[in-house]
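Asker: Dropping the sequence and predicted coords here.
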There are 2 protein chains.
Amino acid sequence: MQIWRIDVSAQTLSIEPIPAAWEKLGGRALLARIMLDEVPPTCEPLGPRNKLIFAPGLLVGHMLSSTDRISIGGKSPLTGGIKEANAGGRTGMHMASMGIKALIVEGAPREKGLFTLRLSVQGAEWHSAEALTGLGVYDSAQALLQRYGEKVAVSLIGPGGEMKMLSAGIQNIDKDKIPSRIAARGGLGAVMASKGLKAIVFDNAGGQKPPLLHPEAFKQAQKEYTTALLAHPQTALYRDYGTQAMPQMANGLGALPTRNFSSGVFEGVENISGEAMRDLLLQRGGESETTHACMAGCTIRCSNIFGGEDGKSIVSPLEYETVGLMGTNLGIDSLDVIARLNWQVNDLGLDSIEIGAALGVAADSGVFAFGDGEAALRLMDEIRVGSPLGRILGAGAGMVGKIYGNERVPVVKNQAMSAYEPRAIKGTGVTFATTPQGADHTCGLTIRAKVNHLDPAGQAQVSLPAQLNMAGYDSLGACIFAGFGYATAPAAIPALIHARYGWDAPADYLQQLGRETIKMERAWNKSAGFTPKDDRLPEWMTREPLPPHNTVFDVSEQDLDTIFDNL
Amino acid sequence: MQIWRIDVSAQTLSIEPIPAAWEKLGGRALLARIMLDEVPPTCEPLGPRNKLIFAPGLLVGHMLSSTDRISIGGKSPLTGGIKEANAGGRTGMHMASMGIKALIVEGAPREKGLFTLRLSVQGAEWHSAEALTGLGVYDSAQALLQRYGEKVAVSLIGPGGEMKMLSAGIQNIDKDKIPSRIAARGGLGAVMASKGLKAIVFDNAGGQKPPLLHPEAFKQAQKEYTTALLAHPQTALYRDYGTQAMPQMANGLGALPTRNFSSGVFEGVENISGEAMRDLLLQRGGESETTHACMAGCTIRCSNIFGGEDGKSIVSPLEYETVGLMGTNLGIDSLDVIARLNWQVNDLGLDSIEIGAALGVAADSGVFAFGDGEAALRLMDEIRVGSPLGRILGAGAGMVGKIYGNERVPVVKNQAMSAYEPRAIKGTGVTFATTPQGADHTCGLTIRAKVNHLDPAGQAQVSLPAQLNMAGYDSLGACIFAGFGYATAPAAIPALIHARYGWDAPADYLQQLGRETIKMERAWNKSAGFTPKDDRLPEWMTREPLPPHNTVFDVSEQDLDTIFDNL
């Protein structure tokens, strides 16, 4: 494998050997290393010194169930810190089969206008993306697949990214050619726009699976892992409900964000639960699918296709995070409305968590009424045309609060929280506060830990292993749900690594990789000017009791400040 | 003198003795001490734990020329750091004669709605400000003077403050009852709104001049100072032109911000120069005045009244900073248009520097065309009605850049630079970068230093004494122009302090006071999470050469990081 480096200024590609210090890293860990080595922490996120980096995880390329994910990163224009956003879909697999260990996009375009960058084993081609400019993600992806062939992988931005909105992500097409796997968080879509790119097409024709040093051993370990994964009770649950298994559970814990994080329970939860959605989709039929894989070879198949009354797909997938942020958080209890909002956000190429949170703050500030789904949909049009109000929303929840003088913003490091109320699940609150990424459940969700989630004591000890594991999974290319298998068959990870690369991987290889990653990320953030004061939930969450438990976030600052002391 | 403490939650006043550690401090120095002692640095700026503090300088109350100023401060919602905004007008004098060493406004209002707080030697009264809500500063001030008598001092906010805009200041009426002396910077008007206050009325009936320990010695030192001040050549210049002496000088140095800081020279400078303005006002006559005092007893009289063709006042005063930011920075070369913009900004209760810079970034982002004064005036209406676009502008230059994805924002610590291009006057660039206040020329302007302003070397040594002096003056209650006198007769300051308080003040008392102040401010900011990474000009100013000298800001980070090392 090699490093592919794109200079957008000269429009050149250079293919370089892997530096020794990068060799044993992948995905999120490799991003952190490249950031430390190459990106000045105080650089302007949308300026020429920032870089946009794509790195498949270490185990990507072999159709290991749920383990073909891509890490995309750079300096976040939303948080000002290091950013890794993780996605499924085809991109990781295609890059691995093209022998790309990491793609580094750097420099600043000399002229205005957007380009499509086509990468293949023959090298790089630049094509004007003028015809796609302003086009939504769905139409753009269609046009790209038509032009470049149906087998390519595509990473692309929507109108939100083009407008350099701070909530813009980078969409990736899934195995069924739907642009639905967004590296959503932290505004990387705006970084891609600042590099003058509308899309990157990965044509892996002529490529091949990455080599396996010990193919038989790999197969054996893969089998162990897959067996463990299939046997895990959560796997079956996710196959039935996907992430939509969560609303009832979160509501039961009093942790379902409701009306801009003003309650942890939602009176309309029955209407938007996983059960309700599954029943609806089974009843509607047509293109609806309750279980659906985003990557080839995935046995969990947690995704879905949400079809309308006519059976036609409205959006795919509809995930819990979106239902939480764009549904309950807005007081909306109609899955159809939420699905339409979700389609809009996807097509705009924006992060549904950030936009949902931004809408929540907007409603809390009187911009529209909680529960008014049609008003929320009209606001999507404001975003699309880039009106001032649309741009305010597109800049994320923190910015909406600043613009409307409303301190009730659910953000850490200016990034919106996902759909787990940190006052009710305090371990996840610790993750939100302390992860270098800004509030993000995928950095260490603790909802399944067997602890009293309301007790402030000991939550750092709950959050830390979750954070290390997730940083490790993100570096392997494994989905959060792959953990069901790897946690049950932990020896599979060192075995897979050894079979793939020949490295002697210790039993706690996953945690070591996670530890190393978080250390590098924290070092980078520190050089960017972050201090322990940034590792805090917003002050109002420490003052305002959350119904129904009427708890505040009261994990001690001491616990927050020492969580990584022994890394 | 005593400390007056207002709890806006209970609507109570408590009058307290001065703590020993506060005794020898005043103005900006006292603010910093109170902030360290009472305001948690990580608090929410618009939340209940922030405080709004008013403190006259140490020498206020005696009609010392240009030395009756007020410091207003708290945690800035614009910068997130400590904030002192300094103003002339009546407020300082009235507070001093009421025996108020500092007024501390704390807590959070229990209900919505704004109040007028009337303070007199009888205590505090709370009156509903419902009738004033939404009213501009000019009409509000009129109404308040009508109700509370023409002799009171008034500090008040406009519609911008009511909307909690981050560029909102606190207006103070001048000796002629015009609300024209704004504690402009850092969003303190939003803090005042968050405390539920539209206005504070200081009725000093029954008050008296602060006591002088040695009245004869005071008179003698005052005479020395005044003589020196009157003899200084700059005094005459400022009496003719006020701050409007600057455009030609700045233009000559290639340091006049033009079209969002893209050039240091403006082709229309002749039309907006001090000479042009003076000629115009003399020709127009009527209410126009080329020389005018803002505080009783001021001998410099740097202020003016800008009258229109009909001789009626359009705005008072029209200052260089406004001409720079709302004129040349927007490509506007009509003093009449600039005066109308200025009136709007004043009436809205906003900082003309921040709004001018915000409009510059907006024009640079395509929101309107440089040079289109009517469009700029229409944007003032957007701000007034609180439209989304108006709110974006009201949130300041940094926010406009984030909303429109434009890195070309002239801010430090998210506060806009004033009208001195730091790439052409690099010592002032050092001040902008390193002052704890965010970019602000009143923290240490170096334009008159006899150095090569384009040379990056040694500029920290130029900036440091200017910063110490200004922090000292801000603590005494002295205007920047008072420095013409104090610098020529430096012994006057220790003499005045000794005569007023009996303290043994060393020869470098001013610098000691300044040093102490900046040390406290930096300590507070550090606890708020600021690091050396915040002491930087925006990156693009280190890359983009500024015509006509085609220089970038290249003072070394080493110099920026060590400037305060020996404080």
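Answerer: Everything's here; your move. Numbers count the residues shown, from 1 in each chain, chains lettered A, B, ... in the order given.

Asker: Point out where the stretch 351-500 of chain A drops to low pLDDT.
Answerer: Along the stretch 351-500 of chain A, no part satisfies pLDDT under 70.

Asker: residues contacting the residue in it positioned nearest to chain B?
Answerer: Residue nearest to chain B within the stretch 351-500 of chain A (C-beta to the nearest C-beta): residue A:405, separated by 2.6 Å. Where you see a C-beta, it was placed from the backbone N, CA and C, and this is true even at glycine. Neighbouring residues of residue A:405 by C-beta atoms under 8 Å, 6 or more residues apart in numbering or on different chains: A:365, B:46, B:163, B:164, B:165, B:190, B:193, B:194.

Asker: next one: residue A:3
Answerer: Residue A:3 neighbours (C-beta under 8 Å, 6+ apart): A:15, A:16, A:17, A:18, A:19, A:22, A:100, A:101, A:102, A:104.

Asker: Show the backbone phi and psi for it.
Answerer: The phi/psi pair for residue A:3 (degrees, to the nearest 10) reads phi -100, psi 130.

Asker: For the residue nearest to it when sequence neighbours are not counted, give me phi and psi.
Answerer: Closest residue to residue A:3 apart from its sequence neighbours, by C-beta to C-beta, 6 or more residues apart in numbering or on different chains: residue A:16 at 4.5 Å. Dihedral angles of residue A:16 (phi, psi; degrees, to the nearest 10) stand at phi -120, psi 150.

Asker: can you count the residues close to residue A:16?
Answerer: By the criterion of other C-beta atoms under 10 Å in any protein chain shown, residue A:16 has 12 neighbours.

Asker: how near is residue A:155 to residue A:218?
Answerer: Residue A:155 sits at a distance of 28 Å from residue A:218 (criterion: C-beta to C-beta, to the nearest Å).

Asker: With neighbour numbers in mind, choose between those two.
Answerer: residue A:155 (32 against 20).

Asker: So what's the gap between the host helix or strand of the more buried one and the chain middle?
Answerer: Per DSSP states H and E: residue A:155 is located in strand A:153-156. Distance of strand A:153-156 from its chain centroid, counting by C-alpha atoms, centre = their mean, to the nearest Å, is 15 Å.

Asker: need the next SSE after that strand, C-terminal direction.
Answerer: helix A:159-162.

Asker: coming back round to it: tabulate the contacts of residue A:405 (JSON lines), appending distance to residue B:173 and neighbour count.
Answerer: Below are these laid out as JSON lines (distance: C-beta to C-beta, whole Å; neighbours: other C-beta atoms under 10 Å in any protein chain shown):
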{"residue": "A:365", "distance to residue B:173": "32", "neighbour count": "17"}
{"residue": "B:46", "distance to residue B:173": "25", "neighbour count": "22"}
{"residue": "B:163", "distance to residue B:173": "22", "neighbour count": "27"}
{"residue": "B:164", "distance to residue B:173": "23", "neighbour count": "27"}
{"residue": "B:165", "distance to residue B:173": "21", "neighbour count": "38"}
{"residue": "B:190", "distance to residue B:173": "20", "neighbour count": "30"}
{"residue": "B:193", "distance to residue B:173": "19", "neighbour count": "25"}
{"residue": "B:194", "distance to residue B:173": "23", "neighbour count": "24"}
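
Asker: Count the neighbours of residue A:59 for me.
Answerer: Neighbour tally, residue A:59, other C-beta under 10 Å: 29.

Asker: Can you name the residue of the stretch 101-250 of chain A nearest to chain B?
Answerer: Here the residue of the stretch 101-250 of chain A nearest chain B is residue A:164; by C-beta to the nearest C-beta that distance is 2.5 Å.

Asker: Contacts only, for that residue.
Answerer: By C-beta under 8 Å, 6+ apart, the residues touching residue A:164 are A:46, A:77, A:190, A:193, A:194, B:404, B:405.

Asker: Was I right to think the residue nearest to residue A:3 contacts residue A:2?
Answerer: Yes. At 6.3 Å, residue A:16 counts as touching residue A:2 under the criterion of C-beta atoms under 8 Å.

Asker: Chain B contacts on chain A?
Answerer: Within chain A, the positions near chain B by C-beta under 8 Å from any C-beta of the partner chain are A:41-44, A:46-49, A:77, A:163-166, A:190, A:193-194, A:387-389, A:391-392, A:395, A:399, A:402-405, A:407, A:527-529, A:531-534, A:536, A:538-540, A:543.

Asker: Now the buried members of those residues.
Answerer: Burial by neighbour count, judged by 16 or more other C-beta atoms under 10 Å in any protein chain shown, picks out A:41-44, A:46-49, A:77, A:163-166, A:190, A:193-194, A:388-389, A:391-392, A:395, A:399, A:402-405, A:407, A:527-529, A:531, A:533-534, A:536, A:538-540 from the residues of chain A next to chain B.

Asker: Among those residues, name the ones in helices.
Answerer: Assigned to helices by DSSP state H, the following of those qualify: A:190, A:193, A:194, A:388, A:389, A:391, A:392, A:399, A:402, A:403, A:404, A:527.

Asker: Out of these, which two sit at the greatest distance?
Answerer: A:389 and A:527 (36.0 Å; C-beta to C-beta).

Asker: from the contacts of residue A:405, which single one is nearest residue B:129?
Answerer: Ranked by distance to residue B:129 (C-beta to C-beta), the contacts of residue A:405 are led by residue B:193 at 10.8 Å.

Asker: Quick one: residues contacting that closest one.
Answerer: By C-beta under 8 Å, 6+ apart, the neighbours of residue B:193 are A:405, B:114, B:157, B:161, B:162, B:163, B:164, B:168.

Asker: measure the residue lying closest to the fifth one once chain neighbours are set aside to residue B:379 for me?
Answerer: Here the nearest residue to residue B:162 in space, its sequence neighbours aside, is residue B:193; by C-beta to C-beta, 6+ apart that works out to 5.4 Å. Using C-beta to C-beta, one gets 22 Å for the distance from residue B:193 to residue B:379.

Asker: same deal with residue A:401?
Answerer: To residue B:379, residue A:401 is 23 Å away according to C-beta to C-beta.

Asker: Over to residue A:42?
Answerer: For residue A:42, the distance to residue B:379 equals 32 Å [C-beta to C-beta].

Asker: And residue A:447, by the same measure?
Answerer: 47 Å.

Asker: What is the least confident helix or strand in chain A?
Answerer: helix A:233-241 (a mean of 84; mean pLDDT, DSSP states H and E).

Asker: Might one say that residue A:359 is in contact with residue A:376?
Answerer: Yes. Assessed by C-beta under 8 Å, residue A:359 is found in contact with residue A:376 at 5.8 Å.

Asker: residues shared between the contacts of these two?
Answerer: A:326, A:330, A:368.

Asker: In ChimeraX, how would I select the buried members of the residues you listed?
Answerer: To isolate the buried ones among those in ChimeraX, judged by 16+ other C-beta under 10 Å, type:
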select /A:326,330,368
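
Asker: For the shared contacts of residue A:359 and residue A:376, give me JSON lines that also has secondary structure.
Answerer: Compiled in JSON lines, those are given as follows (DSSP: H, G, I helix; E, B strand; the rest coil):
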{"residue": "A:326", "secondary structure": "helix"}
{"residue": "A:330", "secondary structure": "helix"}
{"residue": "A:368", "secondary structure": "coil"}
